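Visitor: predicted model and sequence below, questions to follow.
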Amino acid sequence: MSKYNYTPRKLIKLLNENGFLFVRQNGSHAIFKNFETNRKVIVPIHASDIPKGTAIAILKDAGISI
């Protein structure tokens, strides 16, 4: 596994460590929000890994450096 391939579980753990909390889920997409910074990100919950570009975009939206 490359350092940019994230499973949904790994990405959610990283978001939780940075202050993001689960808000709701719509189908296979979970929505997390950081109430301190007022940022919101959507994480796809699928069986496979999240593609590199999608993972980078989610982390960028969350304000987390790689």
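Guide: Good, I have the coordinates. Numbers count the residues shown, from 1 in each chain.
Visitor: buried residues, the host helix or strand of residue 25. List them.
Guide: According to DSSP states H and E, residue 25 maps onto strand 21-26. Neighbour counts over strand 21-26 (16 or more other CB atoms under 10 Å) mark no residue as buried. Quick note: C-beta positions are derived from backbone N, CA and C, even for glycine.
Visitor: contact partners of it?
Guide: With CB atoms under 8 Å, 6 or more residues apart in numbering as the test, strand 21-26 has contacts from 12, 30, 31, 32, 33, 34, 35, 40, 45.
Visitor: run the last query once more with 7 Å
Guide: Applying CB atoms under 7 Å, 6 or more residues apart in numbering, the contact partners of strand 21-26 are 30, 31, 32, 33.
Visitor: wouldn't the last one be in contact with residue 40 here?
Guide: Read that as residue 33. Yes. Contact criterion CB atoms under 7 Å: residue 33 and residue 40 qualify, at 4.7 Å.
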